[in-house]
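K.L.:
Structural data only, the sequence is not supplied:
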């Protein structure tokens, strides 16, 4: 019989054969308590897991002993977040398959914080998309865990190596930055936890990206791995195989070779075409274990609408054009040419460049390279559990975005020149048919009256300069008939965009935004 002593965080066992426990749990000790010989075991995840394996009914410790710091310094954890954090503490290697917007980031950080405080984990390496390094992971550490130190490993190889040598609890690196310091990461036994955010980015086992991650993850078999993704099979059930081999390479359930995995999940109907077998999802579920999964529909205590940010870098061409335009606007400001009545038009010139367009003096436009913004948009759509609306406020960019996405999904376009009949048919199909999966639209054409509740995610490819347009466009997915939590994602690559989004979220007036930026420059 097990007794929990909460103030000591210990499990007391009265055993006929104490050696059954003490020989497999080195931290277990025989004690004399009230004249009885008992075995005391620290009530921590590693010990609790072994006790369960021995057949002792032992509660999971985190729920009983952790003081949860409020997320962002404000919000207590939701039920799904508590269950998720507790789950990963009880598994050395596992998947968190919760939907986008359910708080996978803070759940895994709570779990790390608890495990570290109980001396079960030392340091963690967080591998994530470039767009989430600062604005998602580093910000969450700063706001929720001020007692933890995090180093963002970004820049040149030399800079990354220097930052990795700094003492910290958490190291954050982008997915494709791993290769630059692979050897340094492989030889760090003190980094005993890998948190792989969007592990579906490693779904192709033949790529250098996967091979690098595998070398880091599995050179030391003792490393724990918590793999996060809301959509593990964005293209086909076979996407799961490489992820499984990364997280649990010695699994006896998962086939050793991709061809065997493909045969188990797919059937060939022509020389170049394979389709999923009827039981493919069940097989994937069996392979991707241990795992926890909460969809947005499961999380009844989440807010009705969740806001997320994805930070990107502008291309060199965009940075150059942005700097030149900012300098020109500063000259106009110093000359008294930028006033409250025209600052929105001036500010939009910076947004246009950040979005990927520069306008020439004759009114023609030049499309600037913006590959990272497109790639991040693709990542967000892959993570979404429902249909997606992408708002692109610039017509010159809209069709370019739609063309890029059409290589992956069926896409519909709505802008000012789309006829009423075409719009009606697009909106009907979006609501009533499996396709289109993605709707790319100018927000001004969809800001009133429409019901598009088949979408669970709204992505702003760039911000608008109008609170009314923003609120009405976001409201298309929060209408009568919507039964799911919805997610609003802001993509930003410039300071002007970040400031506009912040005012949109807090319903502040846009007046003075650009003027304030100019005054700050001095």
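P.N.:
Yes, it's here. On a predicted model such as this, the values are computed, not experimentally measured, just so you know.
K.L.:
what's the residue nearest to residue 89 when sequence neighbours are not counted in contact with, if anything?
P.N.:
Spatial nearest neighbour of residue 89, chain neighbours left out: residue 45 (4.3 Å); criterion: Cβ to Cβ, 6 or more residues apart in numbering. For every residue, glycine as well, the C-beta is placed using N, CA and C. Residues in contact with residue 45, defined by Cβ atoms under 8 Å, 6 or more residues apart in numbering, are 60, 61, 62, 89, 90, 115, 118, 120.
K.L.:
now do 7 Å
P.N.:
Residues near residue 45 by Cβ atoms under 7 Å, 6 or more residues apart in numbering: 61, 62, 89, 90, 115, 120.
K.L.:
Am I right that the last one sits in a strand?
P.N.:
No - Residue 120: not assigned to a strand; according to DSSP: H, G, I helix; E, B strand; the rest coil it is coil.
K.L.:
separation between it and residue 288?
P.N.:
Per Cβ to Cβ, to the nearest Å, residue 120 is found 24 Å from residue 288.
K.L.:
So for those two, which sits in the more crowded spot?
P.N.:
The neighbour count for residue 120 versus residue 288, taken as other Cβ atoms under 10 Å, is higher for residue 288 (26 against 19).
K.L.:
Could you report the neighbour count for the closest residue to that one other than its chain neighbours?
P.N.:
Distances taken as Cβ to Cβ, 6+ apart place residue 95 nearest to residue 288, at 5.2 Å, with adjacent residues excluded. Residue 95 has 28 neighbouring residues, counting by other Cβ under 10 Å.
K.L.:
mind checking the SS state of residue 95?
P.N.:
With three-state DSSP as the basis, residue 95 sits in strand.
K.L.:
Do I have it right that it meets residue 287?
P.N.:
No - with contact defined as Cβ atoms under 7 Å, residue 95 does not count as touching residue 287 (10.0 Å).
K.L.:
List of residues touching the longest helix along the chain?
P.N.:
Looking across the chain with DSSP state H, the single longest helix is helix 316-334. Residues outside helix 316-334 that contact it (Cβ under 7 Å, 6+ apart): 314, 338, 346, 349-350, 353-354, 358, 368-370, 494, 518, 521.
K.L.:
closest to residue 71 among the residues you listed?
P.N.:
Taking Cβ to Cβ as the measure, residue 71 lies nearest residue 494 of the contacts of helix 316-334, at 27.3 Å.
K.L.:
Provide a list of residues in contact with the nearest residue to the closest one once chain neighbours are set aside.
P.N.:
Spatial nearest neighbour of residue 494, chain neighbours left out: residue 354 (4.0 Å); criterion: Cβ to Cβ, 6+ apart. With contact taken as Cβ under 7 Å, 6+ apart, residue 354 is in contact with 314, 318, 322, 462, 493, 494, 496, 497.
K.L.:
Report the distance from stretch 308-324 to the chain centre.
P.N.:
Taking Cα atoms, centre = their mean, to the nearest Å, one finds stretch 308-324 lying 21 Å from the centre of the chain it belongs to.
K.L.:
So for stretch 116-126, mean pLDDT?
P.N.:
Throughout stretch 116-126, pLDDT has a mean value of 97.
K.L.:
hmm, who's touching it?
P.N.:
The contact list for stretch 116-126, computed with Cβ under 7 Å, 6+ apart, reads 44-46, 112, 115, 137, 169-173, 185, 190-195, 197, 224.
K.L.:
Please flag which of those residues sit within helices.
P.N.:
Using DSSP H, the contacts of stretch 116-126 in helices are 45, 46, 112, 115, 185.
K.L.:
and of those residues, the nearest to residue 258?
P.N.:
Each of the ones in helices among the contacts of stretch 116-126 was scored against residue 258 by Cβ to Cβ, and residue 185 proved nearest at 25.5 Å.
K.L.:
Around the closest one, how many other residues sit close by?
P.N.:
Residues near residue 185, counting by other Cβ under 10 Å: 24.
K.L.:
pLDDT value on it, please?
P.N.:
On pLDDT, residue 185 comes in at 95.
K.L.:
Report the contact partners of it.
P.N.:
Counted by Cβ under 7 Å, 6+ apart, residue 185 has contacts 125, 178, 216.
K.L.:
Also residue 41?
P.N.:
Counting by Cβ under 7 Å, 6+ apart, residue 41 touches 10, 11, 13, 21, 25, 27, 28, 47, 51.
K.L.:
how about a markdown table for the residues you listed, with secondary structure, pLDDT and neighbour count added?
P.N.:
Shown next, in a markdown table, are these (DSSP: H, G, I helix; E, B strand; the rest coil; pLDDT from 0 to 100; neighbours: other Cβ atoms under 10 Å):
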| residue | secondary structure | pLDDT | neighbour count |
| --- | --- | --- | --- |
| 10 | strand | 95 | 18 |
| 11 | strand | 96 | 26 |
| 13 | strand | 94 | 19 |
| 21 | helix | 95 | 21 |
| 25 | coil | 96 | 18 |
| 27 | coil | 95 | 11 |
| 28 | coil | 95 | 23 |
| 47 | helix | 96 | 23 |
| 51 | helix | 96 | 21 |
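K.L.:
Rebuild these as TSV, extending it with distance to residue 407.
P.N.:
TSV is the format used below for the contacts of residue 41 (distance: Cβ to Cβ, whole Å):
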residue	distance to residue 407
10	57
11	55
13	60
21	58
25	54
27	54
28	57
47	51
51	52
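K.L.:
Just give me the closest of those to residue 143.
P.N.:
Among the contacts of residue 41, and counting by Cβ to Cβ, the member closest to residue 143 is residue 47, at 31.7 Å.
K.L.:
Make sure that closest one is actually in contact with residue 26.
P.N.:
No - using Cβ under 7 Å, residue 47 makes no contact with residue 26, being 9.5 Å away.
K.L.:
All the helices of the stretch 201-350 of the chain, in order from the start?
P.N.:
For the stretch 201-350 of the chain, the helices defined by DSSP state H, counting those that start in this stretch cover 208-218, 239-247, 258-265, 280-287, 316-334, 343-355.
K.L.:
what about the second one, average pLDDT?
P.N.:
Helix 239-247 shows a mean pLDDT of 97 in the predicted model.
K.L.:
Give the other helices and strands that it contacts.
P.N.:
When contacts are defined as 3 or more Cβ pairs under 7 Å, 6 or more residues apart in numbering; DSSP states H and E, helix 239-247 packs onto helix 208-218, strand 224-228, helix 280-287.
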